[in-house]
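# here's my sequence, what's the structure:
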Amino acid sequence: MNTHINNISCIALFLMVSNATCFADKAEKQGSEESVSAAEQILGKWVQYRDTKQGRIKIIKDHRGDHTILKVYGPNGESLYSHRSEYVVEETESIYVFRYRNKVVMTGPKAGEKDPKESAYIFRIEGDRFLELHGMLRTDQGKPSLVTWERLKEEDKPNPRLDQTTA
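Residues are numbered from 1 along each chain as shown. Model prediction:
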């Protein structure tokens, strides 16, 4: 019985020390990030890749302060689709919310189409990763999903000759 209690005590002590170290590391990391707002952290270009039946596509979104440009490139680097939307970032003590509206399709089969509807998701920045958590706000319907973006690196940038979409 004493051995069992000692084992439990050791495990409890390990968990307390591990959690204290984890919280200290997290607090130190957050201290450096808190000086920069969430809206500032998301500025710039983000990329993700998706494998489709036609091949691997590249999606780039560019947050520019009050609007986003999203572009989709085909397996050969050709521009398939793009849209522009307005956004605002809401910061609370515990979460960040990204709200976007007034989407205008710029290229693709539905070019010129407008959608004024507002949509939103929870997000977090972890280093060079942008994590979007969809379907978790009170008014959301459907199954929650997580979308991960990576900050765009120089070698990931599209061929400017193939990309004629500007905003």
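
# going forward, measure contacts and count neighbours with C-alpha atoms only.
Noted.

# now the element after the helix or strand bottoming out on mean pLDDT in the chain, going C-ward?
Within the chain, no helix or strand scores below helix 2-33, which has a mean of 45 by mean pLDDT, DSSP states H and E. Using DSSP states H and E, the helix or strand that follows helix 2-33 in sequence is helix 38-41.

# please save the CA atoms from whichever helix or strand comes after that following helix in PDB.
Using DSSP H and E, the helix or strand that follows helix 38-41 in sequence is strand 44-52. Taking Å, rounded to 0.1, in the frame of the first residue of the first chain, the C-alpha atoms of strand 44-52 are listed here in PDB:
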ATOM      1  CA  GLY A  44       1.100  39.300 -44.700                       C
ATOM      2  CA  LYS A  45       0.800  36.300 -46.800                       C
ATOM      3  CA  TRP A  46      -0.100  32.800 -45.700                       C
ATOM      4  CA  VAL A  47      -0.100  29.600 -47.800                       C
ATOM      5  CA  GLN A  48      -1.600  26.100 -47.700                       C
ATOM      6  CA  TYR A  49      -1.500  23.200 -50.200                       C
ATOM      7  CA  ARG A  50      -4.300  20.800 -51.000                       C
ATOM      8  CA  ASP A  51      -4.100  17.600 -53.000                       C
ATOM      9  CA  THR A  52      -7.000  17.300 -55.500                       C
END
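
# and strand 44-52, what does it pack against?
Under the contact criterion of 3 or more CA pairs under 8 Å, 6 or more residues apart in numbering; DSSP states H and E, strand 44-52 touches strand 55-63, strand 145-151.

# tell me which of the ones you listed is the most buried.
strand 55-63 (a mean of 19; mean count of other CA atoms under 10 Å).

# could you give the average pLDDT over that one?
For strand 55-63, mean pLDDT rounds to 98.

# give me the contact list for it.
Contact partners of strand 55-63, identified using CA atoms under 8 Å, 6 or more residues apart in numbering, comprise 42-51, 68-75, 152.
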